[in-house]
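*Asks:* 3D, please:
(one chain, ligands or ions: 1)
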Amino acid sequence: MATKNVTVATIKEMKQKGEPIVMITAYDVAMARNVNEAGVDMILVGDSVGNVMLGYSSTVPVTMDEMIHHTKAVMRGNSTALVVGDMPFMSYQASDIDAMYNAARFLKETGCTAVKLEGGAEVAPLVKKLTTAGIPVCAHIGLTPQSVNQLGGFKVQGKDIEAAQKMSEDANALEAAGAFACVLECVPAKLAAKVTAELKTMATIGIGAGNGCDGQVLVCNDLLGVSNGFCPKFVKKYANLHDITVEAVKSYIAECKDRSFPAEEHTFKIDDSVLEKLY
Ligand code: KIV
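*Replies:* So this is what the prediction gives:
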């Protein structure tokens, strides 16, 4: 459990020691406070904010300004976790200048420590530029949701020999470029474990990638069961906040309707003599 500030050096040390790294997404101040209190090592302000908080059907529409807004809120609630800001679609793909400028915005405007971007060997030269400029990078390979239109849907990645080989090469290229961590999303467990074992310094953070990664990440709303919609196979719901929320709001509605809320203890008083003097 994190009791002092988690840094990039802490994550690298955890990989060396084989100590599991725990990451969770958060998008606002309340969740940031709660997950810090629970003791997470890393918070990802994921572009999943688009699906989870903003109601978009994919992460594609998410903008830099939306990411900055949510990352600032998370930073206000953060105490010890290492916070990673997720570079949204088209904030880094068009040119390295865009990418450097937008990555710098995360660090300068929000105070977060690192940025995450999707892609394999093709983004390694960019990762090298960012890390050389002092911007820590968490990479993301396997299922990369920003390319969902290209991938043809949300599917497990790396299942055939070419794809598995490419994933291993991508991971090695990203490590060589200086990424300190890499999300592996929807990757067969044995392949993720093999890729993890090959890497010397870059920690793998799995989501739907089995328990052989250096760490795990889940979307906070998924693990808390905030909604009762579709839930991917790799999610474990540790709570059912959907049912708790609906029941709580039903009770509130019922008590407002029968006027049992607000009760005596929720009510402010005034001396009757003051009221009597009113015209
Ligand atoms: O945006 C996000 O939340 C992510 C995680 C699923 C890793 O990229």
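
*Asks:* Chain neighbours aside, what residue packs nearest to whichever residue of the stretch 51-200 of the chain sits closest to the ligand?
*Replies:* Residue of the stretch 51-200 of the chain nearest the ligand, by Cβ to the nearest ligand atom: residue 183 (4.6 Å). C-beta: built from backbone N, CA, C; applies to glycine. Nearest residue to residue 183 in three dimensions, chain neighbours excluded: residue 140, at 4.2 Å (Cβ to Cβ, 6 or more residues apart in numbering).

*Asks:* Quick check: bridge partners of the one you found?
*Replies:* residue 118, residue 183 (DSSP bridges).

*Asks:* Hmm, it is touching residue 181, no?
*Replies:* No. Contact criterion Cβ atoms under 8 Å: residue 140 and residue 181 do not qualify, at 9.5 Å.

*Asks:* which residues of the stretch 151-279 of the chain fall in strands?
*Replies:* 181-185, 203-207, 215-218 (DSSP state E, counting those that start in this stretch).

*Asks:* Make JSON lines out of the ones you listed and add mean neighbour count and mean pLDDT.
*Replies:* Converted to JSON lines, the strands of the stretch 151-279 of the chain look like this (neighbours: other Cβ atoms under 10 Å; pLDDT from 0 to 100):
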{"stretch": "strand 181-185", "mean neighbour count": "28", "mean pLDDT": "98"}
{"stretch": "strand 203-207", "mean neighbour count": "27", "mean pLDDT": "98"}
{"stretch": "strand 215-218", "mean neighbour count": "23", "mean pLDDT": "98"}
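
*Asks:* now for those, which one comes closest to residue 22?
*Replies:* Residue 22 lies closest to strand 215-218 among the strands of the stretch 151-279 of the chain, at 6.3 Å (Cβ to Cβ).

*Asks:* who's in contact with that closest one?
*Replies:* Under the criterion Cβ atoms under 8 Å, 6 or more residues apart in numbering, residues 14, 20-25, 41-42, 44, 181, 183, 203-207, 235-236 lie in contact with strand 215-218.

*Asks:* Check the offset of that strand from the chain's centre.
*Replies:* Its chain's C-alpha centre and that of strand 215-218 lie 9 Å apart, by Cα atoms, centre = their mean, to the nearest Å.

*Asks:* Keeping just the C-alphas, turn it into PDB.
*Replies:* Coordinates of each C-alpha in strand 215-218 appear next as PDB, following Å, rounded to 0.1, in the frame of the first residue of the first chain:
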ATOM      1  CA  GLY A 215       0.500  -4.900 -12.400                       C
ATOM      2  CA  GLN A 216      -3.200  -4.600 -13.000                       C
ATOM      3  CA  VAL A 217      -5.600  -1.800 -14.000                       C
ATOM      4  CA  LEU A 218      -9.400  -1.600 -14.000                       C
END
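
*Asks:* Let me see the contact set for the residue of the stretch 51-200 of the chain closest to the ligand.
*Replies:* By Cβ under 8 Å, 6+ apart, the neighbours of residue 183 are 116, 138, 139, 140, 141, 142, 204, 205, 206, 207, 217.

*Asks:* Looking at those residues, point me to the pair that's furthest apart.
*Replies:* Longest span within these, Cβ to Cβ: 116 and 206, 14.3 Å.

*Asks:* so what does the helix or strand of the chain with the lowest mean pLDDT touch, helix or strand wise?
*Replies:* When each helix and strand of the chain is scored by mean pLDDT, DSSP states H and E, helix 148-151 comes last, with a mean of 80. Helix 148-151 sits against no helix or strand, with contacts defined as 3 or more Cβ pairs under 8 Å, 6 or more residues apart in numbering; DSSP states H and E.
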